[in-house]
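K.L.:
Fold the following and give me the result.
(one chain, ligands or ions: 1)
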Amino acid sequence: MTPSQVLAEWGPAAGLAAGPAVLPAKSTHGDRLDLKSRFRVNPFLMAPMAGVSDAAYRTMARAGGAGLAYTEMVSCAGLHYGGEKTWELVEPAETEPDIAVQLFGSKPELFREAAASVCERLGDRLALIDINMACPVPKVTKKGEGSALLDSPELAASLVRSCIEGVDGRVPVTVKIRRGRRMGEEVAPDFARAMEAAGASAIAVHGRFANQLYHGEADWGCVGRVAKAVGVPVIGSGDVSSAQAAVRMLAETGASAVMVARGSYGNPWVFRDAMALRLGERPAIHGPREKIAAFRCHVRLLAATGANLKRARSLAGWYLRGMPEAARLRGMAVTCLTLEDYLAVADEAERMLLDVQ
Ligand SMILES: Cc1cc2nc3c(=O)[nH]c(=O)nc-3n(C[C@H](O)[C@H](O)[C@H](O)COP(=O)(O)O)c2cc1C
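P.N.:
Numbering: from 1, shown residues only. Predicted coordinates for the structure are as follows:
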């Protein structure tokens, strides 16, 4: 089955759009919308997540109402030296109207080249290129990449300029930053201003310091300070754990858009629910049946996009959380190898539901 067939056949039972999401990236005249206008239409975005945000995950998010979904961070050096395996990370599925590609690295020439080739390959289906200046992992920062760039605003600015040269006006170039590198040393507002001056079209900010990794509370105040500091749209990130939190972050910070990261685990509807809340409507309630249906659809999408099905192990934990016998179902999922194995876990989850009813 192709990803489109999966979505058409299995999406509706899971409360998802049956076809590729409508392109909010174009005006009624077919021109590409600038980011400000795009975020005005739909400000709820699926965040970049390494090891998670593959084509199947992004498809679920878009079918669940996300205005845009990011790839995981992709190495510029990997695209240059690594060949097809790395390129697969930036290949949209047919179900994705467009995607945001996030690149990481520290060499301006490699950024210029990667940005140009990604533009070339993806054409109309590339919404923007984002530069990762947020990743706290030592393997990345010790090479001066990711959040290490927060200590080198001049190099970071030259990466933005190189990327802009590479895309040659075809798509916006944005950056994703953190509050700062070290607890208590907030650089985000000044750093964001420097990136804007270098030509960045939007700034995404995760309100934690890099050395907090993913722990502790994210500071939304920092998102607000960045939004005050720059004229370009700001995308807030950190602790957007629900549709309610997404709407609250927009209201409290003055950000133009928000990214949902861990809050989208097992909840592809979070984006549409946030849109509903924003319009003053009541968001839908997603019962266990719908969650099991979403798990089925997601696993089928993994298979249809040729992904490693081991990814479905964590999906089982996320979609089936809180259901009867959830721990046993998770135990079953870690031994699964084939699509049929995972679908059997979904069937078993359904049986457990019937048992308790
Ligand atoms: C598993 C995982 C992988 C991540 N990978 C990336 C990444 O590749 N690029 C990036 O900019 N941020 C990455 N992030 C950070 C998220 O995009 C987001 O900024 C962060 O999780 C804060 O949001 P949350 O508290 O709502 O989860 C990752 C987060 C998680 C949990």
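
K.L.:
Near the ligand, which residues of the stretch 101-250 of the chain are found?
P.N.:
102, 132, 134-135, 176, 206, 214, 218, 237-240 (CB under 6 Å from any ligand atom). For glycine as for every other residue, the C-beta is placed from the backbone atoms N, C-alpha and C.

K.L.:
Report the buried residues of stretch 171-183.
P.N.:
Judged by neighbour count using 16 or more other CB atoms under 10 Å, the buried positions of stretch 171-183 are 171-181.

K.L.:
Could you list which of those residues belong to strands?
P.N.:
If you go by DSSP state E, the buried residues of stretch 171-183 have 173-180 in strands.

K.L.:
still on that earlier bit, relative to R330, which of the residues of the stretch 101-250 of the chain next to the ligand is nearest.
P.N.:
Closest approach between those and R330, by CB to CB: Y214, at 21.3 Å.

K.L.:
re earlier: which one of the ones in strands among the buried residues of stretch 171-183 is nearest to the ligand?
P.N.:
Sorting these by distance to the ligand puts K176 at the head of the list, at 4.5 Å, by CB to the nearest ligand atom.

K.L.:
check contacts around that closest one.
P.N.:
K176 sits next to 48, 102, 130-134, 203-206, 235, 237 when contact means CB atoms under 8 Å, 6 or more residues apart in numbering.

K.L.:
so which strand or helix has the spatially closest residue to it that is not a sequence neighbour?
P.N.:
Take K176 and drop its neighbours on the chain: the residue closest to it by CB to CB, 6 or more residues apart in numbering is A204, 4.0 Å away. The secondary structure element spanning A204 is strand 203-209 (assigned by DSSP states H and E).

K.L.:
what comes into contact with the next helix or strand after that strand?
P.N.:
If you walk from strand 203-209 toward the C-terminus, the next helix or strand you reach (DSSP H and E) is helix 220-229. With CB under 8 Å, 6+ apart as the contact definition, helix 220-229 has outside contacts at 179, 186, 188-190, 192-193, 203, 205, 207, 234, 236-239, 249, 252-256.

K.L.:
Next: stretch 278-292.
P.N.:
Applying CB under 8 Å, 6+ apart, the contact partners of stretch 278-292 are 13-15, 43, 243, 247, 250, 266-267, 269, 272-274, 276-277, 294, 319-320, 323, 346, 349-350, 353.

K.L.:
which of those count as buried?
P.N.:
Neighbour-count burial within those applies to 14-15, 43, 243, 247, 250, 266-267, 269, 272-274, 276-277, 294, 319-320, 323, 346, 349-350, 353; the criterion is 16+ other CB under 10 Å.

K.L.:
Among these, which ones are in helices?
P.N.:
Judged by DSSP state H, helices contain the following of the buried ones among the contacts of stretch 278-292: 243, 247, 250, 272-274, 276-277, 294, 319, 346, 349-350, 353.

K.L.:
Between which two of the residues you listed is the distance greatest?
P.N.:
L250 and E350 (36.5 Å).

K.L.:
closest to E109 among the contacts of K176?
P.N.:
For E109, the closest of the contacts of K176 turns out to be I131, at 14.4 Å, with distances computed as CB to CB.

K.L.:
What parts of the stretch 251-357 of the chain come near the ligand?
P.N.:
For the stretch 251-357 of the chain, the residues in contact with the ligand (CB under 6 Å from any ligand atom) are 259, 261-263.

K.L.:
at 5 Å what do you get?
P.N.:
In this structure, the stretch 251-357 of the chain approaches the ligand at residues 261-262, judged by CB under 5 Å from any ligand atom.

K.L.:
what ranges do the strands span in the stretch 251-357 of the chain?
P.N.:
With DSSP state E, counting those that start in this stretch as the criterion, the stretch 251-357 of the chain has strands at 257-260.

K.L.:
in it, which segments are predicted with low confidence?
P.N.:
In the predicted model of the stretch 251-357 of the chain, residues 357 satisfy pLDDT under 70.

K.L.:
One more: the stretch 1-150 of the chain?
P.N.:
In the stretch 1-150 of the chain (pLDDT under 70), the answer is 20-31.
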